[in-house]
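Compute the structure for the input listed below.
(chains A and B, ligands or ions: 2)
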There are 2 protein chains.
Amino acid sequence: MFIKEKIDGIKFYRFQPVQVLALGFAAVILLGAILLSLPISSRDGNPTNFIDALFTSTSAVCVTGLVTVDTGTHYSLFGQIVIMLLIQTGGLGFMTFATLIALILGKKISLRERLIMQEAYNTFNIQGVVKLALYVMGITFSIELIGALILSTQFIPQYGLLKGLYFGLFHSVSAFCNAGFDLIGNFQSLTPYVDNTVINLTIMSLIIIGGIGFAVLTEVINYRKTRRLSLHAKVVLSATAFLIISGAIGFFLLEYTNPKTIGNLNMKGKILASLFASVTPRTAGFNTISTSDMTTAGKFLTIVLMFIGASPGSTGGGIKTSTAFLLFMTVVAVVQGKEDTEIYQKRINKSYVYRALAIALISFTIVTFVTMVLSIVQHGDFIEYLYEATSAFATVGLTLGLTTRLTLIGKIIIIITMYIGRVGPLTITMAIAHKQQTTTSLIRYPEDKILIG
Amino acid sequence: MFIKEKIDGIKFYRFQPVQVLALGFAAVILLGAILLSLPISSRDGNPTNFIDALFTSTSAVCVTGLVTVDTGTHYSLFGQIVIMLLIQTGGLGFMTFATLIALILGKKISLRERLIMQEAYNTFNIQGVVKLALYVMGITFSIELIGALILSTQFIPQYGLLKGLYFGLFHSVSAFCNAGFDLIGNFQSLTPYVDNTVINLTIMSLIIIGGIGFAVLTEVINYRKTRRLSLHAKVVLSATAFLIISGAIGFFLLEYTNPKTIGNLNMKGKILASLFASVTPRTAGFNTISTSDMTTAGKFLTIVLMFIGASPGSTGGGIKTSTAFLLFMTVVAVVQGKEDTEIYQKRINKSYVYRALAIALISFTIVTFVTMVLSIVQHGDFIEYLYEATSAFATVGLTLGLTTRLTLIGKIIIIITMYIGRVGPLTITMAIAHKQQTTTSLIRYPEDKILIG
Ligand SMILES: [K+]
Ligand SMILES: [K+]
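Numbering: from 1, shown residues only, chains lettered A, B, ... in the order given. Ligands and ions are numbered 1, 2, ... in the order given. From the prediction side, this is the model:
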């Protein structure tokens, strides 16, 4: 697939990869839905409702994790393996694609702007592309395998050797791809392991590594050799660290006395659970404490963290850590009376700020619209709608319980939202508007001003 | 007061007017609180709880309209007149100040950039300032008087001549200043007049005229002579029209079958009530249908409209129509691949876009923070907190009923929020950051890029 694109020439790369990505996703989702709706995929041998199979397949390919039927109890081993492969395809496919696109755009825009890629991939040719794809897969599988083995040490004593290894693999893939699917059963997610240190730390590490993006991951891996980090890596790493730590402190304080979440845990459990609650909205979707039993403030904090999400070119969703960071630094620049946004002593061109603004606003509009539609077609509390809409859009997979109560229209809306969230709000909007990103306006109007604020 | 500033010289004008405004507001609020807490101000002759008096005074000066005690039944005639004068001071004072500041900044920045002011005020001197202040007051009082007379035709038959005139005046001032205070009693606001055409159209007109800002109002008044509108006026007028019409259609559709709001009204009543529901979040705060009986989607639509609010230099709050319009057009520019934001065939400099972005983000952060705090210190539904926080911040005055249930901390939080919302989020932030708006960065860093979205 990659090779073909190269042969078709440069122009093809400008917009087509996104279309290929969008259509490829849709095709895989449909294939997955058909497979999952077969009797062989369900535990009781009956065909699964097509809308639920489609919902599961979309959720898996878009690495969201929202489920209308419980993965562990509803689906057979065959169905579960289909789901795991869909997750792997969605997570890996997107990651490879995003890396390729970044590489291609980086080459096109300017040679001076050395993008986030390493020397090995600087020479862009067919060998390079194949090599890159293999490299991404190699890293992904290695990390997932390590995660699977560590998790197995906890699952084997409980479930026996084979099932323990299988559970280790499934949850490692699900965590690294930020999918959030689990096999624990009855929509429990990882709540039985709320104070299991090994499972908590392993899952959190997989989520974070999968969520910082392949480009940054490569830089970190090669840091010992290169001794430098790009601005992008600095931004992603510092924003991720800030969000995780401040989020964890927030959950710790908000839930400290809540007996239904962390109130009855010992200090180690409280800290682990707070950390996990802060990591999972970036945008894994596992939970170790009951989401619906959180305080209202805790739920709202989760919504905010979900909206920001993970980092670009990763398996996670949301408006992205770097987008949020850039917008924040632009506010700082305005407040300080500076003309340009400055990050780590670099100026950021306005085109990036505008793009970040567009992503944030379109995302905000989509979440608002979906929340509005859910509040029309469902019965329940407003915060459930906002939570569900944000979770679907940012491909998080956390829910306050609305997913299983979704009406047919509700399911369709959430399916579309997950898809848009995964392909990217700006991409979708530009695709709909039939415009290329790099078109330059021919008419240059005179400048004028308006009063704001 | 205005004269003194002029004598002190130009430098004084850059930042000081905002400080004068902020401190002046605080002083008037405190004075009002003391007066309202006196026994003479309450109907039963007992002193009013100071925190409630402070809440009422802040709400009046910041033209918000949120009330912990009912204006019509709790306060004596004296207390009510104090409230009306506080509203007038807040509304008029701010309007005059905002106009002056716009004029001053307009003069300072560039002569070519002819601001929104008319010839009479182009020569900036002491006479000009006094003249301008008188002009603003003249227009304000004229409009309020006309409104009062029209409203009286409806109130006099019900309440008799004197009380009818008084009610006409109070509600006219309250509507033009976008204050939303009412004397109808028992927190009813204007619900008894839901299908009264005269009251609806008069109040709506006053709200809209007060909400488009003095500069635009002047342009509209002089349009017959000048035959031109500034870009700013075009933006404000088209954004206001769009928001009112689309909002009204939204409420009409969402509430059409809701018997507790407009479901049982005839078509005229349905249309009037929908229009009113769409106009009042811009940011008057009266209501003709029960806010808490709206559908969840209707409540959420109200929140969105409140957040956008009125226009700059007006008696209303929110992030402002022009800010929202500019941000929207920037998204359009990004989607279309244009380098600059274009509005009505004019390019908009990035400094305006950055400023709009800062206002929107700071506002969003404040509303988020206040919602979070309310959800910690109060008991109730999440949407009540979000609604209350947005209403207080945008100085709207609508509530789902939380205001009367506010705890002491809740009251203090809302008082601070109303104050910040009135003085302006960016202003407050810059004041806290001790920086002037026009400072230019001395160090110019090299450009670099980051990945977003
Ligand atoms: K997820
Ligand atoms: K108001």
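
confidence score at the nearest residue to residue A:204 once chain neighbours are set aside?
Of all residues not flanking residue A:204 in the chain, residue A:279 sits nearest, at 4.7 Å (CB to CB, 6 or more residues apart in numbering or on different chains). Every residue, glycine included, has its C-beta placed from N, CA and C. pLDDT recorded at residue A:279 is 95.

Angles on the backbone of residue A:279, please.
Main-chain torsions, residue A:279, degrees, to the nearest 10: phi -80, psi -40.

what's the spacing between it and ligand 2?
41 Å (CB to the ion, to the nearest Å).

what comes up buried for stretch A:176-192?
Residues A:176-184, A:187, A:189-191 are the ones in stretch A:176-192 that count as buried (16 or more other CB atoms under 10 Å in any protein chain shown).

nope, stretch A:379-388 is what I meant
A:381, A:382, A:383, A:384, A:385, A:386, A:387, A:388.

pull the CA atoms of the helix or strand where the fourth one lies into PDB?
Secondary structure assignment for residue A:384, by DSSP states H and E: helix A:382-393. Listed next in PDB are the C-alpha coordinates belonging to helix A:382-393 (Å, rounded to 0.1, in the frame of the first residue of the first chain):
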ATOM      1  CA  PHE A 382     -26.300  16.100  31.400                       C
ATOM      2  CA  ILE A 383     -22.900  15.200  32.700                       C
ATOM      3  CA  GLU A 384     -23.400  11.700  31.400                       C
ATOM      4  CA  TYR A 385     -23.900  13.100  27.900                       C
ATOM      5  CA  LEU A 386     -20.900  15.500  28.100                       C
ATOM      6  CA  TYR A 387     -18.800  12.700  29.500                       C
ATOM      7  CA  GLU A 388     -19.900  10.200  26.800                       C
ATOM      8  CA  ALA A 389     -19.500  12.700  23.900                       C
ATOM      9  CA  THR A 390     -16.000  13.700  25.100                       C
ATOM     10  CA  SER A 391     -15.000  10.100  25.700                       C
ATOM     11  CA  ALA A 392     -16.100   9.000  22.200                       C
ATOM     12  CA  PHE A 393     -14.600  12.000  20.400                       C
END
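
what packs against that helix?
Helix A:382-393 is packed against helix A:296-308, helix A:350-377, helix A:408-423, helix B:296-308, helix B:382-393, with contacts defined by 3 or more CB pairs under 8 Å, 6 or more residues apart in numbering or on different chains; DSSP states H and E.

could these go into TSV alongside mean pLDDT and distance to residue A:247?
Putting the helices and strands packed on helix A:382-393 into TSV (pLDDT from 0 to 100; distance: least, CB to CB, whole Å) gives the following:
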stretch	mean pLDDT	distance to residue A:247
helix A:296-308	95	5
helix A:350-377	93	19
helix A:408-423	93	20
helix B:296-308	95	24
helix B:382-393	95	19
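
Could you identify which of these is most buried?
helix B:382-393 (a mean of 28; mean count of other CB atoms under 10 Å in any protein chain shown).

That helix close to ligand 2?
No: on the criterion CB under 5 Å from the ion, helix B:382-393 is out of touch with ligand 2, staying 8.3 Å away.

just how off-centre is that helix within its chain?
The chain centroid and the centroid of helix B:382-393 are separated by 15 Å, computed with CA atoms, centre = their mean, to the nearest Å.

and the angle from that helix to helix B:350-377?
130 degrees (axes from the mean of the first three to the mean of the last three CA atoms, to 10 degrees).

How about the stretch 301-450 of chain A: which residue is closest to ligand 1?
residue A:397 (3.9 Å; CB to the ion).

wait, doesn't the residue nearest to residue A:204 sit right on residue A:202?
No: under the criterion of CB atoms under 8 Å, residue A:279 makes no contact with residue A:202, lying 11.7 Å away.

circling back to that earlier point, quick check: the two most widely separated of the buried residues of stretch A:176-192?
A:176 and A:187 (21.8 Å; CB to CB).

all strands of chain A, in order?
Using DSSP state E, the strands found in chain A span residues A:341-343, A:346-348, A:447-448.

ok, now which ones touch the residue lying closest to residue A:358 once chain neighbours are set aside?
Spatial nearest neighbour of residue A:358, chain neighbours left out: residue B:334 (3.9 Å); criterion: CB to CB, 6+ apart. Neighbour list for residue B:334: A:354, A:355, A:357, A:358, A:426 [criterion: CB atoms under 8 Å, 6 or more residues apart in numbering or on different chains].

Quick one, grab the pLDDT at residue B:334.
Looking at residue B:334, the pLDDT reads 88.

Please tell me how far it sits from residue A:354.
Counting by CB to CB, to the nearest Å, the gap from residue B:334 to residue A:354 is 5 Å.

Tell me the residues of chain A that contact ligand 1?
Near ligand 1, when you scan chain A using CB under 5 Å from the ion, you find A:64, A:65, A:178, A:180, A:285, A:397.

any chance of these in TSV, plus pLDDT?
Shown next, in TSV, are the residues of chain A next to ligand 1 (pLDDT from 0 to 100):
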residue	pLDDT
A:64	92
A:65	91
A:178	90
A:180	90
A:285	89
A:397	92
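
count of neighbours near residue A:337?
Residue A:337: 15 surrounding residues under other CB atoms under 10 Å in any protein chain shown.

Now do the contacts for the residue nearest the centre of chain A.
The centroid of chain A falls nearest to residue A:316 when counting by CA atoms, centre = their mean (1.6 Å). By CB under 8 Å, 6+ apart, the contact set of residue A:316 is A:63, A:178, A:210, A:211, A:282, A:283, A:284, A:309, A:310, A:394, A:395.

try residue A:275
So residue A:275 contacts A:200, A:204, A:244, A:248 (CB under 8 Å, 6+ apart).

Tell me the one among these nearest to ligand 2.
For the contacts of residue A:275, the nearest to ligand 2 is residue A:248 (38.7 Å; CB to the ion).

looking at it, residue A:309 is touching residue A:303, isn't it?
No: applying CB under 8 Å, one finds residue A:309 not in contact with residue A:303, separated by 11.5 Å.

for chain A, which spans come out with low pLDDT?
A:1-21, A:94-131, A:431-453 (pLDDT under 70).

any idea how far the residue lying closest to residue A:70 once chain neighbours are set aside lies from chain B?
Once flanking residues are discounted, residue A:70 sits nearest to residue A:187: 5.4 Å by CB to CB, 6+ apart. Plainly put, residue A:187 is 22 Å away from chain B if you go by CB to the nearest CB, to the nearest Å.

same question, residue A:351
7 Å.

who are the neighbours in contact with that residue?
Per CB under 8 Å, 6+ apart, neighbours of residue A:351: residue B:339.

Find the closest residue to ligand 2 in the stretch 201-350 of chain A.
residue A:300 (25.1 Å).

Could you check how far that residue is from ligand 1?
19 Å.

show me the contacts for that residue.
Residue A:300 is in contact with A:383, B:368, B:371, B:372, B:375, B:382, counting by CB under 8 Å, 6+ apart.

and the nearest residue to residue A:301 once chain neighbours are set aside, what does it touch?
In space, and not counting its chain neighbours, residue A:301 is closest to residue A:250: 5.2 Å by CB to CB, 6+ apart. Contact analysis of residue A:250 by CB under 8 Å, 6+ apart lists A:278, A:298, A:301.
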